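Q: sequence first, predicted model second:
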Amino acid sequence: MTEPLYSLSISQLAPLLARGEVSPVEVTARLLERIKERNGELNAYLTVDEAGALEQAREAEACLGRGEAASLTGIPLALKDVMVTRGLRTTCASKILENFIPPFDATVVARLRREGAVILGKANMDEFAMGSSTENSAYGPTHNPWNREYIPGGSSGGSAAAVAADLCIASLGSDTGGSIRQPASHCGVVGLKPTYGRVSRYGLVAYASSLDQIGPLTKEVRDAAILLNTIAGHDPKDSTSVPQAAADYTEALGREIHGLKIGVPREYFGHGLDPEVEAAIRAALKTLAGLGADLIEVSLPHTEYAVATYYVVAVAEASSNLARYDGVKYGFRAEGKNLMETYLNTRTQGFGAEVRRRIMLGTYTLSAGYYDAYYKKGSQVRALIRSDFETAFKACHLIACPVSPTPAFRLGEKLADPLTMYLSDIFTISANLAGIPGISVPCGFSSQGLPIGLQLLGPAFGEAEILQAAYAFEQATDFHRRKPPF
Ligand code: GLN
């Protein structure tokens with residue numbers, strides 16, 4: 001073995017574990033050691049569960065010894081700190097949940113455990129998943145492993161940085177408006193947002209419930225398919241999870257994409273798109289065409305309304321979802337003279353500035369007199385955005401486009417200007433509004449050496465096709481093989 005254990009992917013590590021060439025305890029201990037040495041430079045983890053991880057690794061070892069290996073037995077993973085973990089602190093990167101120890105596991109966590117995964121710890125994020133840079137964490141920002149002066153993207157920035165820097169084998173994030181795909185793009189890893197309803201949201205702390213979806217961040221496309229196999233499927237505990245059975249997402253990998261019609265949306269290549277990102281995407285389109293895909297131009301005419309629509313719908317849902325943090329039932333409490341003052345002090349001191357901004361905006365868009373003008377209108381435009389995609393997918397199988405208009409920006413660069421930060425979500429949020437799946441796969445580097453991702457979007461439940469095309473692209477290129485100078 002020339003490569004260090006921590007740099008392996010799931011698909012590389014699993015056979016070594018199965019054959020007994022390395023042990024789960026050995027891999028887990030090595031990763032815990034690396035986290036101890038290097039996490040301080042990135043702040044990718046908020047909580048590391050050393051004892052729990054070693055215990056799970058010993059159990060995995062016993063399973064392997066009995067010949068009872070499951071698909072993830074002994075594979076060490078990180079979880080965005082927005083998925084509840086029984087007995088393990090879950091903060092959502094907020095002060096208001098600083099000492100919250102959940103009494104149950106999210107469905108995805110239970111499924112990972114059932115498949116034998118080892119949970120190393122909880123990854124940093126923007127507070128309550130609100131942000132695009134991980135700078136909104138109450139526990140300090142995560143740094144990009146490719147250049148520590150840059151943001152890793154967000155809100156799943158800790159999950160993406162941990163994968164890129166080999167502080168875990170793979171991770172899970174959540175995506176409400178791009179929070180898996182955009183940090184994956186900025187950190188040079190693979191990130192998949194499944195169709196709304198494909199993965200259970202039970203135990204995912206809610207930000208905007210009609211948009212939130214959990215998905216994998218991985219070192220290679222095959223690993224995304226492997227993790228999706230574990231987490232996808234119906235869950236009676238989430239009424240929005242679809243009863244439709246999940247596929248085996250590894251099956252289509254390796255199938256050629258000859259004749260696949262790939263739509264290129266005209267509206268995604270205009271003003272504001274960084275020339276280096278555009279060049280990388282154009283080159284990626286050429287690679288796809290070289291693999292036999294037919295490129296056709298498509299139109300998504302309501303794209304220009306996507307940011308405004310998202311920031312009406314998402315904040316409205318957020319204001320309602322976050323009403324539960326009142327200092328009474330759990331989490332942080334700041335006492336007041338009476339109940340009202342306790343609520344007020346708790347929420348003022350417990351939430352960060354961006355979360356408070358969104359609660360206020362959301363309360364406003366839902367309030368009597370403004371509901372029709374904002375929330376109702378936003379929901380109507382959302383339907384138009386969804387129908388843009390339905391029309392486009394009559395002409396093509398998949399859509400290819402950028403993930404983010406620029407490579408990662410510098411820490412602090414957009415902090416004072418929330419609107420500019422919101423506008424950087426332009427290429428990712430439509431998929432959430434439409435409920436469709438999307439992936440970011442590495443497709444290039446900027447002149448400063450920062451990664452750039454290609455986004456592939458598919459119709460609802462088109463995960464297998466997206467993974468097939470992303471895999472074909474990955475196998476034809478070597479961007480995913482480059483490691484950050486970390
Ligand atoms: N950047 C977007 C926001 O700030 C998306 C966040 C997300 O997907 N959780 O809301």
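A: On my side now, so go ahead.

Q: is the helix or strand bottoming out on mean pLDDT in the chain positioned near the ligand?
A: The weakest-scoring helix or strand in the chain, judged by mean pLDDT, DSSP states H and E, is helix 418-423 (a mean of 90). No. Applying C-beta under 6 Å from any ligand atom, one finds that helix 418-423 is not in contact with the ligand, the shortest distance being 6.8 Å. Quick note: C-beta positions are derived from backbone N, CA and C, even for glycine.

Q: the helix or strand just after that helix packs against which elements?
A: Counting by DSSP states H and E, the element after helix 418-423 in chain order, helix or strand, is helix 429-434. In this structure, helix 429-434 packs against helix 306-321, helix 377-395, with contacts taken as 3 or more C-beta pairs under 8 Å, 6 or more residues apart in numbering; DSSP states H and E.

Q: residue 115 is nearest to which of those helices?
A: Of all those, the one in closest proximity to residue 115, counting by C-beta to C-beta, is helix 306-321 (29.2 Å).

Q: packing partners for the closest one?
A: So helix 306-321, by 3+ C-beta pairs under 8 Å, 6+ apart, packs with helix 353-366, helix 377-395, helix 418-423, helix 429-434.

Q: format the ones you listed as JSON lines; extra columns: mean neighbour count.
A: JSON lines is the format used below for the helices and strands packed on helix 306-321 (neighbours: other C-beta atoms under 10 Å):
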{"stretch": "helix 353-366", "mean neighbour count": "19"}
{"stretch": "helix 377-395", "mean neighbour count": "17"}
{"stretch": "helix 418-423", "mean neighbour count": "15"}
{"stretch": "helix 429-434", "mean neighbour count": "28"}
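
Q: worst mean pLDDT among those helices?
A: Ranked on mean pLDDT, the bottom entry among the helices and strands packed on helix 306-321 is helix 418-423, at a mean of 90.

Q: dump the residue contacts of the spatially most central residue of the chain.
A: Nearest to the geometric centre of the chain sits residue 180, at 2.1 Å (C-alpha atoms, centre = their mean). Under the criterion of C-beta atoms under 8 Å, 6 or more residues apart in numbering, the neighbours of residue 180 are 156, 159, 173, 174, 191, 192, 193, 215, 216, 217, 440.

Q: three-state assignment of the last one?
A: Secondary structure of residue 440, reduced to three states by DSSP: H, G, I helix; E, B strand; the rest coil: strand.

Q: now do the least confident helix or strand of the chain: distance to the chain's middle.
A: The chain centroid and the centroid of helix 418-423 are separated by 19 Å, computed with C-alpha atoms, centre = their mean, to the nearest Å.

Q: got the contact list for that helix?
A: With C-beta under 8 Å, 6+ apart as the contact definition, helix 418-423 has outside contacts at 131, 132, 133, 272, 307, 311, 354, 357, 414, 415.

Q: now for the residues you listed, which pair is the farthest apart?
A: The largest separation in those, counting by C-beta to C-beta, is between 272 and 357 at 23.2 Å.

Q: tell me which parts of the chain are close to the ligand?
A: Close to the ligand, as judged by C-beta under 6 Å from any ligand atom, the chain has residues 129-132, 155, 175-179, 207, 314, 425.

Q: just among the residues you listed, which is most surrounded?
A: Each of the residues of the chain next to the ligand was scored by neighbours using other C-beta atoms under 10 Å; the highest score is residue 179's, at 36 neighbours.

Q: what helix or strand does that one sit in?
A: Residue 179 belongs to no helix or strand when elements are defined using DSSP H and E.

Q: got phi/psi on it?
A: Residue 179 has phi and psi values of phi -70, psi -10 when expressed as degrees, to the nearest 10.

Q: contact partners for it?
A: With C-beta under 8 Å, 6+ apart as the criterion, the residues that contact residue 179 are 125, 126, 129, 132, 154, 155, 156, 173.

Q: hang on, the earlier thing: format the helices and strands packed on helix 306-321 as JSON lines; extra columns: distance to residue 258.
A: As requested, these are exported to JSON lines (distance: least, C-beta to C-beta, whole Å):
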{"stretch": "helix 353-366", "distance to residue 258": "45"}
{"stretch": "helix 377-395", "distance to residue 258": "18"}
{"stretch": "helix 418-423", "distance to residue 258": "37"}
{"stretch": "helix 429-434", "distance to residue 258": "26"}
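
Q: which one of these lies nearest to residue 27?
A: When the helices and strands packed on helix 306-321 are compared by C-beta to C-beta, helix 429-434 sits nearest residue 27, at 34.1 Å.

Q: so how far is that closest one from its chain's centroid?
A: The chain centroid and the centroid of helix 429-434 are separated by 14 Å under C-alpha atoms, centre = their mean.

Q: over to stretch 168-186?
A: In terms of C-alpha atoms, centre = their mean, the centre of stretch 168-186 is set 2 Å apart from its chain centre.

Q: now the end-to-end length of that stretch.
A: Taking C-alpha to C-alpha, to the nearest Å, stretch 168-186 runs 17 Å from one end to the other.

Q: go through stretch 297-317 and flag the buried ones.
A: Buried residues in stretch 297-317, counting neighbours by 16 or more other C-beta atoms under 10 Å, are found at 298, 300, 302-303, 305-307, 309-317.

Q: and the end-to-end length of it?
A: 34 Å.

Q: that one - what's its average pLDDT?
A: Mean per-residue pLDDT for stretch 297-317: 97.

Q: again, but for stretch 171-190
A: On average, the pLDDT along stretch 171-190 is 98.

Q: picking that back up, looking at the buried residues of stretch 297-317, which is nearest the ligand?
A: The shortest distance between the ligand and any of these, using C-beta to the nearest ligand atom, involves residue 314 and amounts to 5.7 Å.

Q: report the contact partners of the closest one.
A: 176, 177, 207, 208, 211, 358, 362.

Q: and which of those residues is nearest residue 384?
A: For the contacts of residue 314, with residue 384 as the reference and C-beta to C-beta as the criterion, the closest is residue 211, at 16.3 Å.

Q: so the closest one, which state does it fall into?
A: Three-state secondary structure (criterion: three-state DSSP) places residue 211 in coil.

Q: contacts only, for it.
A: 176, 177, 196, 310, 313, 314, 317, 432, 433.

Q: quick check, the fifth one in contact with residue 209.
A: No. In this structure, residue 313 sits apart from residue 209 without contact. The criterion is C-beta atoms under 8 Å, and the distance is 10.6 Å.

Q: ok, back up a step: check the contacts of residue 180 and tell me the two furthest apart.
A: In the contacts of residue 180, two members sit farther apart than any others by C-beta to C-beta. They are 174 and 440, at 14.5 Å.
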